[in-house]
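> Just need the structure, nothing else, for what follows:
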Amino acid sequence: MPRHLVAAALATTMLATPAFAQTFETEYGPVTVEPYVEGLQHPWGLVFLPDGGALVTERGGALRHIDEDGALSDPIEGVPEVDARDQGGLLGIALDPDFDSNRYVYLSFAEPGPDGTNSTAVARGVLNEDLSALSDVEVIFSQQPKLPSTMHYGSRLVFDNDGYLFITTGERSDAQFRDQAQDLDSHLGKVIRILPDGTVPDDNPFLDTEGALPEIWSYGHRNMQGAALHPETGQLWVVDHGPRGGDEFNRIEAGGNYGWPLVTEGTEYSGAPIDPPTDLPDDLIAAERSWTPSPAPSGLAFYTGDMFPDWQGDAFMGALAGTNLIRIDMDGETVLGDEFLFDNLPYRIRDVVQGPDGALYLLTDETEGQVLRLSAE
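So this is what the prediction gives:
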């Protein structure tokens with residue numbers, strides 16, 4: 001049978017029989033993809049616990065524990081109220097660097113506001129020992145302004161090696177709001193950097209800029225739904241949605257302007273061009289790599305495990321439109337190319353996380369969502 005027909009048959013089999021493991025060929029040999037957890041509703045973020053198991057968020061508002069055998073708990077109590085419309089809900093998740101001693105869990109979510117408004121917010125709470133509830137829950141960041149939109153929340157959470165928390169936000173999609181990605185008095189379309197208690201570090205780049213919000217680390221972003229630290233340099237990298245094409249892989253610099261909505265390789269969804277202004281700033285930072293047509297990136301991880309030695313140092317990005325997993329070939333911080341691993345995989349990949357076993361774990365953004373395990377076994 002021709003290869004493209006084999007791939008189509010495998011994809012159909014995976015749709016019909018989700019518990020059936022499949023093998024795919026890659027540039028560095030075969031990999032196996034199999035369900036690890038099933039029965040989730042639009043899972044969005046995943047984090048492994050240091051003593052085994054994992055926590056997973058569902059966009060509808062549930063936080064669940066996954067034990068080491070892949071069994072799924074009932075919803076954990078104490079999660080903040082979320083605005084679960086369209087792209088909103090319970091989104092990113094991270095553990096405190098000192099989780100072993102303080103048991104803090106950080107959650108990003110669409111925080112309801114007055115009159116149908118909302119915004120990206122981050123809360124932290126203490127996870128109890130039996131993994132059934134959060135206590136002492138407090139909101140440590142709330143994006144301003146709150147707006148009547150149900151789109152573009154960003155919402156990935158990453159702690160750096162010095163214990164600072166990075167938060168990605170979106171510019172809320174609508175043309176009447178998105179110009180605020182360039183405004184330093186707005187949290188829209190920004191990377192935020194705060195301390196674990198929500199206070200502002202004393203070396204943030206706009207701390208002494210009149211009128212600027214001190215939490216801002218970088219600006220000119222659209223909707224960053226993937227973020228990770230480079231394993232060698234500790235630098236923050238993100239993936240950002242373009243409008244219709246022009247998805248970006250960006251190395252984030254303190255104070256950097258990444259151009260949206262002034263410049264983009266994409267177009268309006270209508271097909272109309274997005275023309276740059278005549279007085280374009282000369283200090284804009286270009287993407288390290290971009291994609292047109294848009295794979296719609298979501299989730300980002302740098303691989304450091306031993307299971308796939310040829311992949312060490314490479315980045316992996318989920319795809320929502322292309323229903324794929326994309327390996328970004330890296331030499332240090334230089335992007336060499338990319339590999340789309342799974343033609344015809346019938347799942348939107350919402351998040352990518354390296355497990356403690358060296359496998360990659362993928363969240364499928366589906367009503368009958370799963371955690372898939374990608375391994376060399």
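> can you count the residues close to residue 26?
Residue 26: 17 surrounding residues under other C-beta atoms under 10 Å. No exception for glycine: its C-beta is placed from N, CA and C like everyone else's.
> so what pLDDT did it get?
With respect to pLDDT, residue 26 has a value of 96.
> Which residues does it form beta bridges with?
Beta-bridge partners recorded for residue 26 (DSSP bridges): residue 29.
> Against residue 51, how distant is it?
32 Å (C-beta to C-beta, to the nearest Å).
> now swap in residue 249 and tell me
Taken as C-beta to C-beta, the span from residue 249 to residue 51 is 33 Å.
> Neighbour count for those two, which is higher?
Using other C-beta under 10 Å as the criterion, residue 249 and residue 51 rank with residue 249 on top: 23 against 8.
> Okay, that one and residue 173: tell me how far apart.
For residue 249 relative to residue 173 (C-beta to C-beta), the value is 21 Å.
> Likewise for residue 335?
27 Å.
> Compare the two (neighbour count), which wins?
residue 173 (20 against 17).
> tell me the secondary structure for the more buried one?
coil (DSSP: H, G, I helix; E, B strand; the rest coil).
> is it true that it touches residue 243?
No - with contact defined as C-beta atoms under 8 Å, residue 173 does not count as touching residue 243 (9.3 Å).
> residues in contact with residue 190?
By C-beta atoms under 8 Å, 6 or more residues apart in numbering, residue 190 lies in contact with 169, 181, 215, 216, 217, 218, 219, 221.
> Skipping adjacent residues, who's closest to the last one in space?
Meaning residue 221. Distances taken as C-beta to C-beta, 6 or more residues apart in numbering place residue 189 nearest to residue 221, at 4.6 Å, with adjacent residues excluded.
> Just confirm that neighbour contacts residue 262, I think it does.
No - counting by C-beta under 8 Å, residue 189 stays clear of residue 262, with 11.3 Å between them.
> quick one: average confidence on stretch 241-252?
97.
> How much space separates the residue nearest to residue 221 from residue 20?
Distance, residue 189 to residue 20, by C-beta to C-beta: 41 Å.
> quick one, which of these two is more surrounded?
The neighbour comparison of residue 189 against residue 20 (other C-beta under 10 Å) goes to residue 189, with 31 against 12.
> so where do the helices sit in this structure?
For the chain, applying DSSP state H gives helices covering 3-16, 99-102, 175-178.
> what packs against the second one?
So the one you mean is helix 99-102. The helices and strands touching helix 99-102, judged by 3 or more C-beta pairs under 8 Å, 6 or more residues apart in numbering; DSSP states H and E, number zero.
> which of the residues in it are buried?
Buried residues in helix 99-102, counted by 16 or more other C-beta atoms under 10 Å: residue 99.
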